[in-house]
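A.B. asks: Kindly return the folded structure for what I paste below:
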Amino acid sequence: MKISEVSAQLQMSADTLRYYEKIGLIGPIEKRQNIRHFKQSDIDQLNFIRCMKRSGMELETILHFLALYRQGEQTLPERIDLLAVQKAQTMQKLQELQETLDYLDFKMTLYQDQLSATEPIN
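C.D. replies: Sure thing, here's the model as predicted:
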């Protein structure tokens, strides 16, 4: 798959994909006639990176995780620890977002009730 196709599929800019390759998060990506061609394994790794970024994991931590992954199964405990920390942080964010949603619902209901109380009854 060419970089433009990967960019569209994953909703990542081509510049981001090139940057990820440059810093070693992915790749090196196979090039034919100076055009990058992404394999499914590259796409899978980009999906992992995107997921970790969404969870708030820093690029440096993702790089560290991937370096551990490349070292093999002996690094499984450390990788699990990194993911557990990220999961805990994500759960905290999720709880904060749920509290925010609950408050928004409360305010909307309050205002809807006030609006209904001031509307004339026909």
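A.B. asks: where exactly do the helices run in this protein?
C.D. replies: Remark: helices assigned in the chain by DSSP state H are 3-10, 14-23, 40-54, 59-71, 76-118.
A.B. asks: mind putting those in JSON lines, mean neighbour count included?
C.D. replies: Yep, even glycine has a C-beta here, placed from its N, CA and C like the rest. Formatted as JSON lines, the helices of the chain follow (neighbours: other Cβ atoms under 10 Å):
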{"stretch": "helix 3-10", "mean neighbour count": "15"}
{"stretch": "helix 14-23", "mean neighbour count": "16"}
{"stretch": "helix 40-54", "mean neighbour count": "15"}
{"stretch": "helix 59-71", "mean neighbour count": "14"}
{"stretch": "helix 76-118", "mean neighbour count": "11"}
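A.B. asks: give me the low-pLDDT residue ranges for this protein?
C.D. replies: Residue ranges of the chain with pLDDT under 70: 121-122.
A.B. asks: most centrally placed residue in it?
C.D. replies: When Cα atoms, centre = their mean is applied to the chain, the residue found nearest the centroid is residue 54 (2.5 Å).
A.B. asks: Put the alpha carbons of stretch 84-100 into CSV.
C.D. replies: Taking C-alpha atoms only, stretch 84-100 is exported to CSV below (Å, rounded to 0.1, in the frame of the first residue of the first chain):
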residue,chain,number,x,y,z
ALA,A,84,-0.9,-1.9,32.8
VAL,A,85,0.3,1.6,33.6
GLN,A,86,-1.2,2.9,30.5
LYS,A,87,-4.5,1.1,31.1
ALA,A,88,-4.7,2.6,34.6
GLN,A,89,-4.1,6.1,33.2
THR,A,90,-6.8,5.5,30.5
MET,A,91,-9.3,4.2,33.1
GLN,A,92,-8.7,7.4,35.1
LYS,A,93,-9.3,9.6,32.0
LEU,A,94,-12.4,7.5,31.2
GLN,A,95,-13.8,8.1,34.7
GLU,A,96,-13.1,11.8,34.5
LEU,A,97,-14.9,11.9,31.1
GLN,A,98,-17.9,10.0,32.6
GLU,A,99,-18.1,12.5,35.4
THR,A,100,-18.1,15.3,32.9
